[in-house]
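Visitor: pasted the sequence and its predicted model underneath.
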Amino acid sequence: MGFGTFDGLHPGHMYFLRQLAVLGNELFVVIARDRNVKRIKGKKPHCNEKDRLKAMSKIKFINRTLMGHATDYYHLINKFQPDTIGLGYDQKADIDDLQKKFPNIKIIRLKALEPEKYKSSLLRTKK
């Protein structure tokens, strides 16, 4: 299971998703709600949550694309009990804290693909 905003899919996102895909038999990807993106990043995403969900749903190797819960950030983890959670290199989640909350789930921080080049906020400023 992986989480993200995925605001404008780019090669960095695909690199993250491919790393996630090899961690288990099924890949569940959770799309951040617009209101949570604004709270965490201080601004709304460029693409709205429905468009981001639709774009991610088209990726063939993702088994299930889900909209994140509006207030309970652990809801889908509790519901689906994934074997592994993959975190992006720049996600603010604390691995130790997550591991304490979910001791039976493997938590992995994944590598970045050229973060100085493939980051949504950087790509938007270059346009």
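Guide: On my side now, so go ahead.

Visitor: contacts for the lengthiest helix in the chain, please.
Guide: Longest helix in the chain by number of residues (criterion: DSSP state H): helix 11-21. For helix 11-21, the surrounding residues in contact (Cβ atoms under 8 Å, 6 or more residues apart in numbering) are 1-2, 4, 6, 27, 29, 59, 61-62, 86, 88, 110-115, 117-120. Glycine gets a C-beta too; all of them are placed from N, C-alpha and C.

Visitor: what's near enough to touch Ile107?
Guide: Counted by Cβ under 8 Å, 6+ apart, Ile107 has contacts Thr84, Ile85, Leu87, Ile95, Leu98, Gln99.

Visitor: shouldn't it be within a strand?
Guide: Yes. Counting by DSSP: H, G, I helix; E, B strand; the rest coil, Ile107 falls inside a strand.

Visitor: let's see the pLDDT reported for it.
Guide: According to the prediction, Ile107 has pLDDT 97.

Visitor: from the contacts of helix 11-21, which land in strands?
Guide: Gly2, Gly4, Val29, Gly86 (DSSP state E).

Visitor: what about this protein, any weak spots by pLDDT?
Guide: 117-127 (pLDDT under 70).

Visitor: in it, which spans are helices?
Guide: 11-21, 34-41, 49-57, 75-80, 95-101, 120-126.

Visitor: how close does Leu17 sit to His75?
Guide: Using Cβ to Cβ, to the nearest Å, Leu17 is found at 22 Å from His75.

Visitor: what is the burial count for the residue nearest to Val37 when sequence neighbours are not counted?
Guide: Closest residue to Val37 apart from its sequence neighbours, by Cβ to Cβ, 6 or more residues apart in numbering: Pro45 at 4.8 Å. Neighbours of Pro45 under the rule other Cβ atoms under 10 Å: 21.

Visitor: contact partners for Ile108?
Guide: By Cβ under 8 Å, 6+ apart, the contact list for Ile108 reads Leu23, Thr84, Ile85, Gly86, Leu87.

Visitor: and it, how far is that from Ile95?
Guide: Relative to Ile95, Ile108 is positioned 8 Å away (Cβ to Cβ).
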